[in-house]
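*Asks:* Quick check, what structure comes out for this input:
(2 chains)
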Amino acid sequence: MLKLNVESKDTNSKARTGWFETDHGKVETPIFMPVGTQGTVKAVNQSYLADEIKAQIVLSNTYHLYLRPGTEIIEAAGGLHKFMNWQKPILTDSGGYQVFSLTDLRKLKADGVEFSSHLDGSKHFFSPQKVVEIQRSIGSDIMMVLDECAPYPCDYDYAKNSVQLTSNWAVLNKEAFEKSKPLYGHKQFQFGIIQGSIYKDLREKSVNDLLNLDFDGYAIGGLAVGEPTEQMYDLVDFTTDFMPQDRPRYLMGVGRPENILESIARGVDMFDCVMPTRNARNANVFTWNGTLSMRNAKYKDDFKPLDENCKCYVCRNYSRAYLRHLFIAEEILALELATIHNLYFYLDLVTQARVHIINKDFLEWKNKTVNEVSIKN
RNA sequence: UCCGCGAUAGCUCAAUGGUGGAGCAUUCGGCUGUUAACCGAAGGGUUGCAAGUUCGAGUCUUGCUCGCGGAG
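*Replies:* Now for the predicted structure:
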């Protein structure tokens, strides 16, 4: 059983700091997990990820790794940690989000989801049991249950059925997890996923269904899919009240820097999002003074670092003008440098949040920082 | 000097005699459990110049200018 050891609680908000232990090391919360869907955090190598960015845990994806290279290769490699040369913790998503985002390619059934590969059109079937089995092959430290991430907008009846399906699947996920064993000698944990769209009574039902199964951690899924941001905050705030104090709380797929800070204030411990990595590759950079679009002409002779308050490798050594030049010239280094900076920023953001929670001045710092990081330069 | 071919957006090129477009470039925007080094929008034109034919010319005719190729 995984435990979140709560170290310090903010007195003016629901923010808290803590840590949990896996066989691949300790994770200090609040934490951001860089997304490495296909067994790589795009554009950055593992040594930078660990030493420069100071990532403590990365996310990878069951759906993608199952399709390519396939579990046979990953097992032959001795699991994903060895295969991708990453000795810190790995969390794998189950493919539930792909069930949502690849709508045209899938068919939902009571016992799982039938889908066509986006790579070659081949037909496959994911059940809760199958997804546990694949994640055993991958050897992730934390595996996620198969769920249905309902679309937005979503009428009440659809959301209600979706929660019921996710709860039914959660039982099967848990059974399959308990019946199976890790393949590589290190412990694996399993998180449940709360659904319910924008409906509070369904969120409440969803949490309670999952609590009965006693998962190692609990994730809030199905948010940041198009609903107003204030509504997302309200639902997070509502839902965390039902979540155990001594288990990690993970808000899936979120988000922008300000979303992360607001969610920490509402009691969330873990985050992942493609935004720092994808936006980096699309020339968008995050700073303590807001976002910069590095293709913009105004940076062509701007020799300041991306962020004068950032201590990352990129800000210590390169200018905005150089980054802009690399993006305009379509040089591959642009993607790497922007990704390193953005991930460093995201990890720095949650580290600063941690420091301020411990120092008991989180709320004030959070309010000021939310305003500053939201600026569009 | 003669013959031939050509000249349309910054570039490379489309466009039956009937509302001049595309790709790239430029400028800007978007991206939330990655099908994404992606997607979208905008600006940009006396169609080399001048006449003519025609209801109507980027398109046909003539002259000129410039470029490329060939001959001498």
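
*Asks:* and stretch A:353-370, how far apart are its ends?
*Replies:* 11 Å (Cα to Cα, to the nearest Å).

*Asks:* Could you check that stretch and say which residues are buried?
*Replies:* For stretch A:353-370, the buried set under the neighbour-count rule, 16 or more other Cβ atoms under 10 Å, comprises A:Ala353, A:Arg354, A:His356, A:Ile357, A:Phe362, A:Leu363, A:Trp365, A:Lys366, A:Thr369, A:Val370. For every residue, glycine as well, the C-beta is placed using N, CA and C.

*Asks:* Same question for stretch A:97-109.
*Replies:* Under the neighbour-count criterion of 16+ other Cβ under 10 Å, stretch A:97-109 has A:Tyr97, A:Gln98, A:Val99, A:Phe100, A:Leu102, A:Arg106 buried.

*Asks:* The third one touches A:Ser162, doesn't it?
*Replies:* Right, the one you point to is A:Val99. No - between A:Val99 and A:Ser162 there is no contact under Cβ atoms under 8 Å: 10.7 Å.

*Asks:* any common contacting residues for these two?
*Replies:* Shared between the contact lists of A:Val99 and A:Ser162 (criterion: Cβ atoms under 8 Å, 6 or more residues apart in numbering) are residues A:Glu148.

*Asks:* Give me the neighbour count for the residue in the stretch 1-150 of chain A positioned nearest to RNA strand B.
*Replies:* Of all residues in the stretch 1-150 of chain A, A:Cys149 sits closest to RNA strand B, with a separation of 2.3 Å (Cβ to the nearest atom of the strand). Residues near A:Cys149, counting by other Cβ atoms under 10 Å, number 22.

*Asks:* which residue sits closest to it, ignoring its sequence neighbours?
*Replies:* Using Cβ to Cβ, 6 or more residues apart in numbering and skipping the chain neighbours, the partner closest in space to A:Cys149 is A:Phe100 (3.8 Å).

*Asks:* helices and strands around the helix or strand where the one you found lies, which ones?
*Replies:* Secondary-structure element containing A:Phe100, defined by DSSP states H and E: helix A:96-101. The helices and strands touching helix A:96-101, judged by 3 or more Cβ pairs under 8 Å, 6 or more residues apart in numbering; DSSP states H and E, are strand A:106-109, strand A:112-116.

*Asks:* Which of the ones you listed comes out lowest on mean pLDDT?
*Replies:* In terms of average pLDDT, strand A:106-109 trails the rest of the helices and strands packed on helix A:96-101, at a mean of 88.

*Asks:* The stretch 101-250 of chain A: helices as residue ranges?
*Replies:* With DSSP state H, counting those that start in this stretch as the definition, the stretch 101-250 of chain A shows helices at residue ranges A:128-138, A:156-179, A:200-211, A:229-240.
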